[in-house]
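Peer 1: quick one: sequence and predicted model below, then my questions.
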Amino acid sequence: MQRKVSLLKLKCNLSLNLDGNGDIKVKTSDKFLDSMLTLMAKEALFDFNLKAKSASLKDIGTTFGEAIKKAHGNGRSTVMKYTKTIPIKQDMIICSLELLSRPFFRFEKELAGEFKENYDEFFNAFVKSADAKLHIRIPDSDRKEMFIAVFSAFGKCLGVATAHNPVAKYARNIFQK
């Protein structure tokens, strides 16, 4: 039984298959966000198609959260929560996700200087529309490396938390390659 959903909104068109094989197409007005969302979907092993040319990070996060909530249904998952850490230099990124919970979001940034990338808007909107708890801790590090690690960890958390059987899901992917 595949868990699929398609949402057509004013600014976002999104289709999602939680039991996919990594068929991913992302097109927003931000090329870096495109690559981060692609990485997230690859880590989660989702089929993910998003077109959002004039959408804000909040619009995209809200639409994605609604899609996760709809596709995940009543939580027919064996896990529903997962924490992933990724080492970066002498510190680490921590991402902890729990689905079907009271919405809560904490984004701890230890960044020196001005923080121009407001990807916390995406995560905050996701949490509210998906009914999830999400805690992300990022150190002061190279921004590109940091965001790659954040979206990678978030994708892995989503993949495991939404899987019927995470071991089988990820083992299937290894043997298909």
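Peer 2: Arrived safely. Numbers count the residues shown, from 1 in each chain.
Peer 1: residue 149 - that's part of a strand, no?
Peer 2: No - counting by DSSP: H, G, I helix; E, B strand; the rest coil, residue 149 falls outside a strand, being helix.
Peer 1: and the gap between the nearest residue to residue 130 once chain neighbours are set aside and residue 159?
Peer 2: Closest residue to residue 130 apart from its sequence neighbours, by Cβ to Cβ, 6 or more residues apart in numbering: residue 65 at 3.5 Å. Where C-beta positions appear, they are placed from N, C-alpha and C, glycine not excepted. Distance, residue 65 to residue 159, using Cβ to Cβ, to the nearest Å: 16 Å.
Peer 1: try residue 104
Peer 2: Taking Cβ to Cβ, one finds residue 104 at 21 Å from residue 159.
Peer 1: how about residue 92?
Peer 2: 20 Å.
Peer 1: buried sites along stretch 69-88?
Peer 2: Using 16 or more other Cβ atoms under 10 Å as the test for burial, stretch 69-88 gives 69, 70, 71, 72, 77, 79, 80, 81, 82, 84, 86, 88.
Peer 1: which outside residues touch it?
Peer 2: Identification of contacts with stretch 69-88 by Cβ atoms under 8 Å, 6 or more residues apart in numbering yields 3-5, 7, 16-18, 92-101, 129-131, 133, 139, 141-142, 145-146, 149, 152-153, 156-157, 160-166.
Peer 1: run through the chain and note the low-pLDDT ranges.
Peer 2: 1-2, 74-79, 111-117, 141-142, 166-177 (pLDDT under 70).
Peer 1: please repeat the previous calculation with a cut-off of 90.
Peer 2: 1-11, 19-22, 30, 53-54, 70-81, 87-93, 100-102, 107-120, 138-148, 160-177 (pLDDT under 90).
Peer 1: ok, which stretches of the protein are helices?
Peer 2: Using DSSP state H, the helices of the chain run over 31-44, 57-72, 120-130, 143-162, 166-176.
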